[in-house]
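Peer 1: With the sequence up front, the predicted model follows.
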Amino acid sequence: DHLAYDPERTRLSGVSALAGVSKIRGAFTYSGLVLGTSPGFELNDIGYLRQADQIAQEASVAYTLTQPSPAVRYLRLALYQSAGWTWGGEQTLLRLAPSVSTTFSSLWSAAVSGDFRTGALDVAALRGGPALRTDPSVGVSGSVATDRRRPLRLIADGAADWRLGTTGRSLSAGLEASYRPAPNATLSLRLSGAHVSRPDQYVTTRSRASALDYVVGQLDQSSVSVTLRGDIALTPDLTVQLYAQPFLAAGRYDRFARVADPGARRPEDRYRALDATLDADGTAYAVDADADGTADYAIGRPDFSVAEMNTNAVLRWQYRPGSALFLVWSRGQSQFDPSGTLDPLNGFPDLFLAEPRDTVLLKLSYWFGG
């Protein structure tokens, strides 16, 4: 009720304010802030605004071990809390995240954190439709890394998240190796993969005689990527950075449903299953929304398989203190098909045959004064 859409308006106005306090010295630290941005606040012509119509609150407390022991050189215990509301008082977030990070006497390091969220309202999930209730979730993530002083360093990390009372979940893992063949050069290789299952991923909005249907579906998405980096300092003022990342992702949809009661706390009350039949050529679904035996509308098949290859090289020359010249070459290659299958053995080699888009940039900065 606090929002009104006027298509005749040509100007927006609003306010944004932030207040915070923190203690950053000593073993025990804390911080807290409150941020408010009104619905009419809009400054993307001169900056970047991710979201308006929000009130956000954040707080954290932490304890850091300042005296090393024989087994542990560094230890930090932290608790982070955040909450959010729209300008009209709808709660969009309530989160609690404890974490522990440590560095052992061997200079190996490790970290683990949790993520607990209550049910809330997502005002963007239906792409302009009503706010959609989200389910409570619990998550955990962790990482371990070897001694950064060694020429070869390994890092392993992973994360998992579950949406309580639903089939929603996400899993991810990564392994990175960083090698320093010389004091002025570093090479790294990272392998990562993820799988996400969402029971209520937005698909489309369709009109019928008696209603406006917001259609969601069960999305199962998997992705894999390989990231290569190289950093070489030819001289203290001349460096070269190399980057390449082939990336594959695929997603399949099924179990389509319409949003019946977007604010209902139970998923079975929130959604109504749709009878969706894939047509003969496999490009669209015929949907019988009112179960009368006749299709009310069609939705395009939303399955996808995406392959991307991004490569760039950066030459940086600092020709005087504070002033630098950058020469950048960037290449992008991509492929898409609606199969919804992930095939790394064929997908990665095929990327090198995709039509490239090359860009060359030259940037010069000069520091006045000093």
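Peer 2: Alright, I've got the coordinates.
Peer 1: Could you look up the next helix or strand downstream of the helix or strand of the chain with the lowest mean pLDDT?
Peer 2: Every helix and strand of the chain was ranked by mean pLDDT, DSSP states H and E. The lowest is helix 344-351, at a mean of 82. Following helix 344-351 in sequence order, the next helix or strand is strand 357-365 (DSSP states H and E).
Peer 1: Please, where are all the helices along the protein?
Peer 2: Secondary structure of the chain (DSSP state H): helices at 267-270, 344-351.
Peer 1: With Ser101 as the reference, name the closest of the ones you listed.
Peer 2: Smallest distance to Ser101 across the helices of the chain (CB to CB): 32.5 Å, for helix 344-351. C-beta here means a position set from N, CA and C on the backbone, and glycine is covered the same way.
Peer 1: List the buried residues of the closest one.
Peer 2: For helix 344-351, a neighbour-count test (16 or more other CB atoms under 10 Å) marks Gly347, Phe348, Leu351 as buried.
Peer 1: Among those, which one lies nearest to Thr294?
Peer 2: Lowest distance from Thr294 to those (CB to CB) belongs to Gly347, with 40.1 Å.
Peer 1: so what's the closest one up against?
Peer 2: Each residue near Gly347 by CB atoms under 8 Å, 6 or more residues apart in numbering is listed here: Leu248, Ser305, Ala307, Gln335.
Peer 1: 7 Å instead, please
Peer 2: Leu248, Ala307 (CB atoms under 7 Å, 6 or more residues apart in numbering).
Peer 1: Show residues contacting stretch 256-263.
Peer 2: Here stretch 256-263 makes contact (CB under 7 Å, 6+ apart) with 126, 130-133, 203, 213-217, 269-274, 276, 289.
Peer 1: Now, the residues you listed that are in strands?
Peer 2: Those of the contacts of stretch 256-263 mapping onto strands are Leu132, Arg133, Val203, Asp213, Tyr214, Val215, Val216, Gly217, Tyr271, Arg272, Ala273, Ala276, per DSSP state E.
Peer 1: Make CSV out of the helices of the chain and add distance to Arg357.
Peer 2: Shown next, in CSV, are those (distance: least, CB to CB, whole Å):
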stretch, distance to Arg357
helix 267-270, 42
helix 344-351, 13
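Peer 1: Which one of those lies nearest to Ala111?
Peer 2: helix 344-351 (28.8 Å).
Peer 1: Can I get the closest one in PDB, CA atoms only?
Peer 2: Listed next in PDB are the C-alpha coordinates belonging to helix 344-351 (Å, rounded to 0.1, in the frame of the first residue of the first chain):
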ATOM      1  CA  PRO A 344      31.900 -30.600 -20.000                       C
ATOM      2  CA  LEU A 345      33.800 -33.200 -22.300                       C
ATOM      3  CA  ASN A 346      32.300 -31.600 -25.400                       C
ATOM      4  CA  GLY A 347      31.300 -28.200 -24.100                       C
ATOM      5  CA  PHE A 348      34.800 -27.000 -23.200                       C
ATOM      6  CA  PRO A 349      36.500 -28.000 -26.500                       C
ATOM      7  CA  ASP A 350      33.600 -26.600 -28.600                       C
ATOM      8  CA  LEU A 351      34.100 -23.200 -26.900                       C
END
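Peer 1: Next, count neighbours for Gly142.
Peer 2: 17 (other CB atoms under 10 Å).
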